[in-house]
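>>> Need the 3D shape of this:
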Amino acid sequence: MTDAARPASSRRPAWHTFVRDAAWWARDYAYAVAAQGRALCGRDAAEALADGTATPVVLLPGIYETWRFLQPLARALHERGHPVHVVEDLGGNRRPVVDAAHRVAALLVQRRLDDVVLVAHSKGGLIGKHLMAFDPAGARVRAMVAVATPFGGSRYSGYMPVPSLRAFRSGDETMRALAAAAAVNTRIVSVYGAFDPHIPEGSELAGARNVRLATGGHFRVLADPRVIAEVVRAAE
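Numbering: from 1, shown residues only. Alright, predicted model coming up:
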């Protein structure tokens, strides 16, 4: 039962929700800082993750994230036998979604990857959906598990000072094209928290398998065991 459906006497007071969300927000940024620190200091070669006999996985990080931001997730999947591939051409993932999707497509073709599961965070989910919807190489993708992706845009985007962040407005041309490409949604699993400080609209995607976690955040949700479970479900 949601708070709105409860009797007025049993609903959570507004201050309780505020304190809970603030705590989630603080833990979220602590996780992000630690992950970025790990990304800056990491020296492991991506090629070490690319062997395995299970369904291949391709990582798609979020904006201002390198693949190392998702390294704990990559290692967990590799330990389960999945070859994990990294699109190093994405760098810190500041390029437009269309450009980034072309780079992912090139990797799939170059490495002859088929029946792939994309594992994406935030902007990475938009890149993956663009690949699946508009590029011939999208036929090589079995499914995508997208975590905290702004499929419907973010109202905060219009206030951002740089074009790479303003591109997440719901009225952006690429965002409109992605919203209209609903046919691929059935191959997408959207995983998101109960509260996301960056995406107040949420990440629910019509036609997709939507998984709402009990916790909140935009970054820390990557560590939720349900993410691995959903990738395994999609792959197996």
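
>>> Helices of this structure, residue ranges please.
Residue ranges of the helices in the chain, as given by DSSP state H, are 14-41, 71-79, 97-110, 123-134, 163-166, 173-180, 225-235.

>>> Tell me how far T66 lies from L60.
Distance from T66 to L60, counting by Cβ to Cβ, to the nearest Å: 11 Å. For every residue, glycine as well, the C-beta is placed using N, CA and C.

>>> the more surrounded of these two?
Taking T66 and L60 together and counting by other Cβ atoms under 10 Å, L60 has the greater number of neighbours (29 against 20).

>>> OK, contacts around the more buried one?
If a contact means Cβ atoms under 8 Å, 6 or more residues apart in numbering, then L60 has V87, L90, V104, L118, V119, A120, H121, G124, G125, I127, G128 as its contacts.

>>> Repeat that for L73.
L59, V119, L222, V227, I228.

>>> tilt between the lowest-mean-pLDDT helix or strand in the chain and helix 71-79?
Confidence across the helices and strands of the chain bottoms out at helix 14-41, with a mean of 77, counting by mean pLDDT, DSSP states H and E. Helix 14-41 and helix 71-79 are oriented at 70 degrees to each other (axes from the mean of the first three to the mean of the last three Cα atoms, to 10 degrees).

>>> if we can go back for a sec, what do T66 and L60 both touch?
Common neighbours of T66 and L60 (criterion: Cβ under 8 Å, 6+ apart): L90.

>>> Enumerate the beta-bridge partners assigned to the most centrally placed residue in the chain.
Computing the C-alpha centroid of the chain and ranking residues by Cα atoms, centre = their mean puts H121 first, at 2.1 Å. Judged by DSSP bridges, the bridge partners of H121 are V147.

>>> Please name the residues that touch it.
H121 neighbours (Cβ under 8 Å, 6+ apart): L60, P61, G62, E65, F69, L70, A146, V147, A148, T149, L222.

>>> top of the contacts of L73 by neighbour count?
For the contacts of L73, counting by other Cβ under 10 Å, the largest number of neighbours falls to V119: 32 neighbours.

>>> Hmm, it is touching L77, no?
Yes. In this structure V119 lies within contact range of L77 using Cβ atoms under 8 Å: 7.2 Å.

>>> which residues do those two both contact?
Here V119 and L77 have V57, V231 as joint contacts, going by Cβ under 8 Å, 6+ apart.

>>> any idea which of the helices of the chain is most buried?
Ranked by mean neighbour count, the helices of the chain are led by helix 123-134 with a mean of 27 (mean count of other Cβ atoms under 10 Å).

>>> if we can go back for a sec, put together CSV for the helices of the chain, with distance to I199 on each row.
Formatted as CSV, the entries for the helices of the chain read as follows, by distance: least, Cβ to Cβ, whole Å:
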stretch, distance to I199
helix 14-41, 12
helix 71-79, 19
helix 97-110, 16
helix 123-134, 11
helix 163-166, 12
helix 173-180, 13
helix 225-235, 16
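
>>> rewinding a little: okay if I get the contacts of H121 as a markdown table plus distance to A32 and pLDDT?
Formatted as a markdown table, the entries for the contacts of H121 read as follows, by distance: Cβ to Cβ, whole Å; pLDDT from 0 to 100:
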| residue | distance to A32 | pLDDT |
| --- | --- | --- |
| L60 | 17 | 98 |
| P61 | 12 | 97 |
| G62 | 10 | 97 |
| E65 | 9 | 95 |
| F69 | 8 | 93 |
| L70 | 12 | 93 |
| A146 | 18 | 98 |
| V147 | 13 | 98 |
| A148 | 11 | 97 |
| T149 | 16 | 98 |
| L222 | 10 | 95 |
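
>>> Done for today, thanks.
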